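sharing a model prediction with you, sequence too.
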Amino acid sequence: MVSGAAPPPPPESGAGSSSGVGREETKGKGSARGRGSRKASRPRFAFQTKSENDVLDDGYRWRKYGQKAVKNSAFPRSYYRCTHHTCNVKKQVQRLAKDTSIVVTTYEGVHNHPCEKLMEALNPILRQLQFLSQL
DNA sequence: CGTCTTTGACCGGCGC
DNA sequence: GCGCCGGTCAAAGACG
């Protein structure tokens, strides 16, 4: 966008249906939400980590996408996803209401790419990890 | 410049 | 049949 040509602003020709949900025109997100294709079994592991940091650099980059409040917990739940393309791993982090210093990290899926960080760095962390349940 | 974060809104499934 | 919940995506903004 270096050129100077100032492109005209998006003409809001449509009647001002500003209010209303009118999210974006042809975005039909909900329609083709191909969510059924990938039904590969996804191992779900829940871990209890004691850390003030929600996102522990376990060797992978996580991109936060969405935050929703849960009834069980007076705190909002955070959803993370691996920024890798071949990595369909999802991470779910929730803070315990009893111990705000404890976070429940739920990993879904497995990584398909080599980790950039030394796993030894997680060794000490894994030690603190507490194997909770396996679905 | 690139990357990441945050918020809002929407949809699907399920229960009663 | 309807309502509710949880879950996901998109865009914009901010920062290094």
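That came through fine.

tell me the contacts of the residue in chain A that DNA strand C sits nearest to?
Among all residues of chain A, A:Gly66 sits closest to DNA strand C, at 2.9 Å; criterion: CB to the nearest atom of the strand. Just so you know, the C-beta spots here come from the backbone N, C-alpha and C atoms, and that holds for glycine as well. Contact analysis of A:Gly66 by CB atoms under 8 Å, 6 or more residues apart in numbering lists A:Ser78, A:Tyr79.

tell me the phi and psi of it?
The phi/psi pair for A:Gly66 (degrees, to the nearest 10) reads phi 100, psi 150.

which residues in chain A form strands?
A:44-50, A:62-69, A:76-82, A:90-95, A:102-108, A:130-134 (DSSP state E).

least confident of these, on average?
The minimum mean pLDDT among these belongs to strand A:130-134 (a mean of 43).

one step back: the strands of chain A: which one's closest to DNA strand B?
Short answer: strand A:62-69, nearest of the strands of chain A by CB to the nearest atom of the strand, at 4.0 Å.

quick one: strands adjacent to the closest one?
Sheet pairing of strand A:62-69 (DSSP bridges) gives strand A:76-82 (antiparallel).

got the buried residues for the strand it pairs with?
By neighbour count on 16 or more other CB atoms under 10 Å, the buried set for strand A:76-82 is A:Arg77, A:Ser78, A:Tyr79, A:Tyr80, A:Arg81, A:Cys82.

what's across from the residue nearest to A:Glu108 when sequence neighbours are not counted in the sheet?
Counting by CB to CB, 6 or more residues apart in numbering, A:Lys90 is the residue found nearest to A:Glu108 once chain neighbours are left out, at 4.3 Å. In this entry, A:Lys90 is beta-bridged to A:Arg81, A:Glu108, by DSSP bridges.

near DNA strand C, list only the ones from the buried residues of strand A:76-82.
Contacts with DNA strand C within these, counted by CB under 7 Å from any atom of the strand: A:Arg77, A:Tyr79, A:Arg81.

and stretch A:96-104, does that touch DNA strand C?
No. For stretch A:96-104, no contact with DNA strand C is found by CB under 7 Å from any atom of the strand; the gap never falls below 11.9 Å.
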